[in-house]
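give me the fold of what follows.
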Amino acid sequence: MTSHPIIDSALQQKRTLLSEIEAKQILHDLGIPNAMAQLATSEAEAVQIAEILGFPVVLKIVSPDIAHKSDVGGVHLHLHNPNDVRQAFQAIMYSVAEKAPAATITGVAVQPMAKPGIEVIIGMSKDATFGPVMMFGLGGVLVEVLQDVAFRIVPLSERDATDMIHDIKGFPLLTGYRGAPPADLAALQRILCTLSDFVATTPAIKEIDLNPVYAYHDSALAVDARIILEEAATISA
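Take a look at the predicted model:
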């Protein structure tokens, strides 16, 4: 069995929800391309990070108590200058204080604004009967409405990953719909297989949600990432 220092630290602290910054660091260490984020604890620090990363940027709330950041006004996109960043930081803090007053606030994640691509979701959850199950489908904010997803039991073979991608109803969108360039299916397959291999040997992971993953013609990029851990007692039981 394997783990990761970030996971080990979270379990020692009895945390089950990793921050987006932590989740993306794990993805980075696995070789999965993603929009890496840095933590800012003040307006000035957010501006400094944004200027280093280069505009435009995105700001997102970081809290161990908030799993769905958009629901509490914790996400601001398309920030093109320092003033945008300052205003977004203030707006996020105000909104979260109003909508989730009991939440512990770690800070705000600053990340580059990724270029748009075809939005897909890649994830993992644990089934009571089958154990870890990988998921692939059309992603974005409409994922729960569309419910266009395919599932396979971990561990995945390369053929399993390919079949998952082809099984969704929206597959034509990935092949060059109405003159758009086709998505890099091999890049999506690699993400599926890499995550499958990791969760197969890491029992501490309860759930993974990469949504959206932007599929480009020559690559794929995880824009948002969430990792939920099992309770420590559950893992050792």
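
give me the neighbour count for the closest residue to M113 other than its chain neighbours.
Here the nearest residue to M113 in space, its sequence neighbours aside, is P56; by CB to CB, 6 or more residues apart in numbering that works out to 4.0 Å. For the C-beta atoms, the positions are set from N, CA and C on the backbone; glycine is no exception. The tally of other residues near P56 (other CB atoms under 10 Å) stands at 16.

isn't P56 right next to K115, touching?
No. The pair P56 / K115 is not scored as a contact, 10.3 Å apart, by CB atoms under 8 Å.

got the phi and psi for I228?
Main-chain dihedrals, I228, degrees, to the nearest 10: phi -110, psi 140.

quick check: bridge partners of it?
When bridges are called by DSSP bridges, I228 pairs up with L17, E207.

next one: it from D209, what distance?
8 Å (CB to CB, to the nearest Å).

then K126?
Distance, K126 to D209, by CB to CB: 13 Å.

which one of these two has more residues nearby?
D209 (19 against 16).

contacting residues for the more buried one?
Going by CB atoms under 8 Å, 6 or more residues apart in numbering, D209 touches I121, G123, D224, A225, R226, I227.

among these, which one sits closest to A35?
If you rank the contacts of D209 by distance to A35 using CB to CB, D224 comes first, at 8.0 Å.

now the nearest residue to the closest one once chain neighbours are set aside, what's its secondary structure?
Using CB to CB, 6+ apart and skipping the chain neighbours, the partner closest in space to D224 is N211 (5.9 Å). Following DSSP: H, G, I helix; E, B strand; the rest coil, the label given to N211 is strand.

so where does the nearest residue to A225 once chain neighbours are set aside fall, helix or strand?
Nearest residue to A225 in three dimensions, chain neighbours excluded: A23, at 4.0 Å (CB to CB, 6+ apart). Using DSSP states H and E, A23 falls within helix 20-30.

show me what the helix of greatest length in the chain is packed against.
Determined from DSSP state H, the single longest helix within the chain is helix 82-99. Judged by 3 or more CB pairs under 8 Å, 6 or more residues apart in numbering; DSSP states H and E, the packing partners of helix 82-99 are helix 43-53, strand 57-62, strand 75-79, strand 107-112.
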